[in-house]
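# Whatever this is, show me its structure:
(one chain, ligands or ions: 1)
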Amino acid sequence: MRANGSILQTNADGSTIETWKDSERRHETTPNGDWMEVKEDGTHIQYSNEQKVKISKFKNGSELQENDDGSTIETDSEGMIIEKMGNIYIEIRTDGSRLQKDGETGISIEKFGDGTTVQTMPDHTRIVRRPNGHATQRNPNGTVIETWKDGRRVQTSLDGVRIEKFANGRTVQTDSSGTIIEKLADGTLLPPRQPKLVQKCVSCSKCTTIISIPNDTFVVCCPMCRHIMLGHQINVIGSGKTAAESKTKKVQWGTHDDSGSEVKTIFDRYDVNGSGGIDQTEVGNMLKDLNFPPTEFAEIFMSADDNSDGELQFHEFVEYFNELNSAILATAKPADLSMSAQMMEDQKAELSQAKEELVRMQKILEEKLSKATINNCDDLANEKRKADEQIVVIEAELKLREKHFETAVKEQHKRRHDALQAKLQARKDAKAK
Ligand SMILES: [Zn+2]
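Numbers count the residues shown, from 1 in each chain. Model prediction:
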């Protein structure tokens, strides 16, 4: 018996076994420097002297590998792997996605199961690359550059200017008023023209992705966060309207008797023959406007058509529309959700900064007001009132962004959870066989 309460046994080959009387604790060594230990809490540690690797297996199923060079590989109980090597951090998630961060360059790359990658630069520039060769780059100044496999490139900026460049050198530039200026591959400049269908640049009221839509579009589905919006209510870029001021802040769609709701507006718009019901063709027109094939989501139509008359009466349409909303959200790829969550986080940071700046200005104005003379007190009070108003607007917008952000993050977690559950179930099924 040793002073620490253990019993040490030394074997003829030089190996040792140390045990503790009242616990599971155990420590073994070999002459070549390997050792293993079982701790009181059940943690199992093994050290290989030759490989200089220490592996700890914890009771909850997680595992930690520590290498001699300081790098570590961690596997949590759900199977997520985290690797740390100097400045490099790698996360391999159970849904098949992978995140790599380089602490030195500040660049992080997220790779998803379908091959999509999202690259984030330290200045918040983000590039989404799809397996089909399509890439979207969002710059911090709001400019979006899209490129395709065939060499086509479209650049949209916050002032509403859109420049399309083809592989052969032809460029088509649309300015914020909708005028088109086209330059052919050989350099010939065509006279400016007005398009038949005027496009406008809008920004999604939820994630602020820039979307170019025909002026007469009635409903729009955001390609990034899959939020559905009414075309005439989305902020046209350059109009200076904030999301808090616009009417698009409504997140919840109408209820059965809410005859004044946006969903009623949509219903009335697509019930072209005024029959009081929307049939599959009319729903198809709406889906086309939302950029989906007209026959998509047929099963939702069927289940919402309670009386099976082939038409959706308003109360049925409300049900259909809410189901459609979730179904459309489910078409968002994990990369899109991750990207819109990141974008919303950026927006929140920018808004907080703007608010801080305003609060600072408010304080200065207050101080000035306290020393104001009869000549300038009106101007100062006016300035102060303006700052107060702006803060109210920013606060409302912050609240709204917070809500949107939560939805996006929740959706992301739900996707991850579902993917994990599916994987576990598949493993269970395979075992059962
Ligand atoms: Zn969006």
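# With only the CA atoms kept, save stretch 103-117 in PDB.
Output of stretch 103-117 as PDB, limited to C-alpha atoms (Å, rounded to 0.1, in the frame of the first residue of the first chain):
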ATOM      1  CA  GLY A 103      -6.700  32.100 -37.500                       C
ATOM      2  CA  GLU A 104      -3.800  33.700 -39.300                       C
ATOM      3  CA  THR A 105      -5.500  34.900 -42.500                       C
ATOM      4  CA  GLY A 106      -9.000  35.200 -40.900                       C
ATOM      5  CA  ILE A 107     -10.500  33.200 -43.800                       C
ATOM      6  CA  SER A 108     -13.100  30.600 -43.000                       C
ATOM      7  CA  ILE A 109     -14.500  28.100 -45.400                       C
ATOM      8  CA  GLU A 110     -17.700  26.100 -44.800                       C
ATOM      9  CA  LYS A 111     -18.300  23.100 -47.000                       C
ATOM     10  CA  PHE A 112     -21.700  21.400 -47.100                       C
ATOM     11  CA  GLY A 113     -22.700  17.800 -48.000                       C
ATOM     12  CA  ASP A 114     -23.900  18.800 -51.500                       C
ATOM     13  CA  GLY A 115     -20.500  20.300 -52.400                       C
ATOM     14  CA  THR A 116     -21.500  23.900 -51.800                       C
ATOM     15  CA  THR A 117     -18.800  26.000 -50.100                       C
END
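# which ones are touching the closest residue to E311 other than its chain neighbours?
Closest residue to E311 apart from its sequence neighbours, by Cβ to Cβ, 6 or more residues apart in numbering: G277 at 3.2 Å. Where C-beta positions appear, they are placed from N, C-alpha and C, glycine not excepted. Counting by Cβ atoms under 8 Å, 6 or more residues apart in numbering, G277 touches 271, 309, 311-313.
# distance of G277 from V202?
Noted for G277: a distance of 31 Å to V202, by Cβ to Cβ, to the nearest Å.
# And for E28?
Applying Cβ to Cβ to E28 and V202 gives a distance of 68 Å.
# just A12 next, same as before
A12 is 82 Å from V202, by Cβ to Cβ.
# Neighbours of the residue nearest to M85 when sequence neighbours are not counted, how many?
Nearest residue to M85 in three dimensions, chain neighbours excluded: S71, at 4.1 Å (Cβ to Cβ, 6+ apart). By other Cβ atoms under 10 Å, the residues close to S71 number 13.
# swap in E389?
Around E389 there are 10 residues (other Cβ under 10 Å).
# Torsion angles phi and psi at it?
phi -60, psi -40 (degrees, to the nearest 10).
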